[in-house]
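1. Here is a sequence together with a model predicted from it:
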Amino acid sequence: MMVALGIAVGVSAFADLQNVTVGGEVRVRGRWWRNAWAGNYAPITRMPIAAFGKRALGPFGVNSLYDFDDRGNDITFVEQRTLLNVKADFTDSVAAFIEFADYAWWGEDFRSNYLTGVDRRADTADDIEVLQSYIEIDEMFGHPLRARIGRQNIEMGKKWLIGSQGSPFLPFSYDAIRLTYDPVDALTIDAWWAKLAESGPVEEDGDEDFYGVYGTYSGIEPVSLSAYWVWVRDAGKVFDTQNDWLGEWVEDLLDLDDYDVTNLHTVGLRAFGKTGGLDYDLELAYQFGDASSAGVLFQMPWVSGVYGDDGAEYDAWAGDLRVGYTFDYTCSPRIYVAAAYFEGEDNRDLSFWEWLNPFEKADASLSFNRLFSGVCYCAAQDALAGMQDMSNFWTVKVGVTANATEKVSTGLCVAHFEVLETFDWPRYIQLPGLWAPDIRFPIVPELGFWTQEADDDIGEVAHLWVKYQYSEDLWIKVGWEHLFTGDALEDGNFIKRNGLLMTSGTDNDDTDYIYFDTGLKF
């Protein structure tokens, strides 16, 4: 990788400028949620933490960002994203690409106060960012090898695990070196190293790095095959306590506070293709490796200190299946089915003997890590599957799309969601609230083994949308999604933020999400 960087600097110094192209995008989206988010995005504590005794709940406790309750306020806002990029082509197959991005809600940067008439400077602290800035060298040394060095998007396959979109409106990029080798039309191999976090000034070997190899072969009609291995290495030092030499000696003797470097490995296979009107896509992935950075977050009281799980490991499967058929009719109707599975783990309960043992160590609860996914499984991304971080669930979906006219397309889908590993609450009684949410009152919180299991039914989601392609570059889309809220969302389960954050409402009222989305590319 460092050789590629040196070559890039050397070659670009002697290349002559040939062409400069400018492009970009302006996108505006209005959004409205009903009965979804907790007020002001403030998390709700569903039960006092003292009710859980020495159970290891993880970094967020039993806080939830959602209420699924019609008592609170609805949330509406309009967001806008602006992208502007410049590409400069040089001789010797050398190019430079720079892209700027700005994201804001309407009204955040307005500069005048209508009450006082005071006009002021806008707050630009979170405005324009350099989204991409890289050097690209193609046909290196006369071979089908391309190098990209610098800040860049990395998107592999259908962006199931490796993408550059936190949401359709919030892109992100990697500071990386990427090599692409395509010796024949049917074969492409990508390899990269990305720096996710730099800790050099504080810790010599404490960085977060992201490595990967991704290959795709499409020479077997009608199947294309992909295989990949990606590795996240987090070498940041984690610990529970910082004692004197005697305290550290005792911890070593008892095998406590002994965390290794985090190594999250993911290997996967994908088969996809199209024959006639039939299209299909199957992807499977397995994760393994040390999980110290997550294990330290699962702390529980023990003697005089608080210790996490220094033996935590990743060990989870995930899969994604999509099959569709497009009929050769005027409107090109397509029907499809889809399913997904993200293995979950919930070790937050205690058996009687674990509760009785004063030396019981914490067990981490680690579900499949979605890495840098660009895939959502429902449209209301921030109401249910937001930020592509939902895990510990399975889903199945059926839908249909069609082109009503040359410029108008529409679609309808219905999906069912369920939790894989449900959460065990301390045994409680629920006291009704007349003008406020119901209150969960733990009966005997000291008996940590006496629990009741949450429901596993997340619910069903129906999504209807219409898109109008006004011109080749301008489109307008409107959509409505309705969540038939299941009992699992009121009871509470750990499905958000890769299974680390609870989703638990103060009620189980259905949720609506309506959006207006338009974009212009140039």
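-> That came in fine, so what should we check first?
2. Let me see the contact set for Thr485.
-> 68, 459, 505, 508-511 (CB atoms under 8 Å, 6 or more residues apart in numbering). Using the backbone N, CA and C atoms, a C-beta is placed for each residue, glycine as well.
3. From those, which land in strands?
-> Counting by DSSP state E, these place 459, 511 in strands.
4. Would you convert the contacts of Thr485 into a markdown table that also reports neighbour count, distance to Leu269 and pLDDT?
-> Formatted as a markdown table, those follow (neighbours: other CB atoms under 10 Å; distance: CB to CB, whole Å; pLDDT from 0 to 100):
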| residue | neighbour count | distance to Leu269 | pLDDT |
| --- | --- | --- | --- |
| Phe68 | 26 | 37 | 89 |
| Gly459 | 22 | 31 | 93 |
| Gly505 | 25 | 37 | 87 |
| Asn508 | 19 | 38 | 87 |
| Asp509 | 18 | 41 | 90 |
| Asp510 | 15 | 38 | 92 |
| Thr511 | 27 | 36 | 90 |
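5. for the contacts of Thr485, which one is nearest Thr216?
-> Ranked by distance to Thr216 (CB to CB), those are led by Gly459 at 36.0 Å.
6. got a list of what the nearest residue to that closest one once chain neighbours are set aside touches?
-> When the adjacent residues along the chain are set aside, Gly459 lies closest to Gly486, with 3.5 Å between them (CB to CB, 6 or more residues apart in numbering). The contact partners of Gly486, by CB under 8 Å, 6+ apart, come to 417, 455, 457-460, 508.
7. cool, and Gln388?
-> 163, 165-167, 370, 373-376, 381.
8. So for it, what's the pLDDT?
-> If you check Gln388, the pLDDT there is 80.
9. Same question for the one 3 residues further on.
-> Per-residue confidence (pLDDT) for Ser391: 94.
10. so what's it up against?
-> 342, 344, 367-370, 495, 498-499.
11. Helix or strand with the lowest mean pLDDT in the chain?
-> Lowest on mean pLDDT, DSSP states H and E among the helices and strands of the chain sits helix 2-12, with a mean of 47.
12. Tell me which residues of the next helix or strand after that helix come out buried.
-> For helix 2-12, the following helix or strand on the C-terminal side (DSSP states H and E) is strand 17-34. Within strand 17-34, the residues scored as buried using 16 or more other CB atoms under 10 Å are 25, 27-31, 33-34.
13. and which of those is nearest Tyr181?
-> Glu25 (29.9 Å).
14. contacting residues for the closest one?
-> For Glu25, the contact set (CB under 8 Å, 6+ apart) comprises 81-83, 519-522.
15. Residue ranges in the stretch 401-522 of the chain under the pLDDT threshold?
-> Low-confidence regions of the stretch 401-522 of the chain, defined here as pLDDT under 70, cover residues 433-437.
16. if we go to 80?
-> For the stretch 401-522 of the chain, the stretches with pLDDT under 80 are 431-439.
17. Could I get the full set of strands for it?
-> Under the criterion DSSP state E, counting those that start in this stretch, the stretch 401-522 of the chain contains strands at 408-419, 424-426, 428-431, 439-442, 451-453, 457-468, 474-485, 493-496, 501-503, 511-521.
18. Of the ones you listed, give the one that comes closest to Pro43.
-> Closest to Pro43 of the strands of the stretch 401-522 of the chain is strand 501-503 (CB to CB; 8.7 Å).
19. how far out from the middle of the chain is that closest one?
-> Taking CA atoms, centre = their mean, to the nearest Å, the mean C-alpha location of strand 501-503 is offset from the chain mean by 14 Å.
20. What is it packed up against?
-> Secondary-structure packing of strand 501-503 (3 or more CB pairs under 8 Å, 6 or more residues apart in numbering; DSSP states H and E): strand 63-64, strand 493-496.
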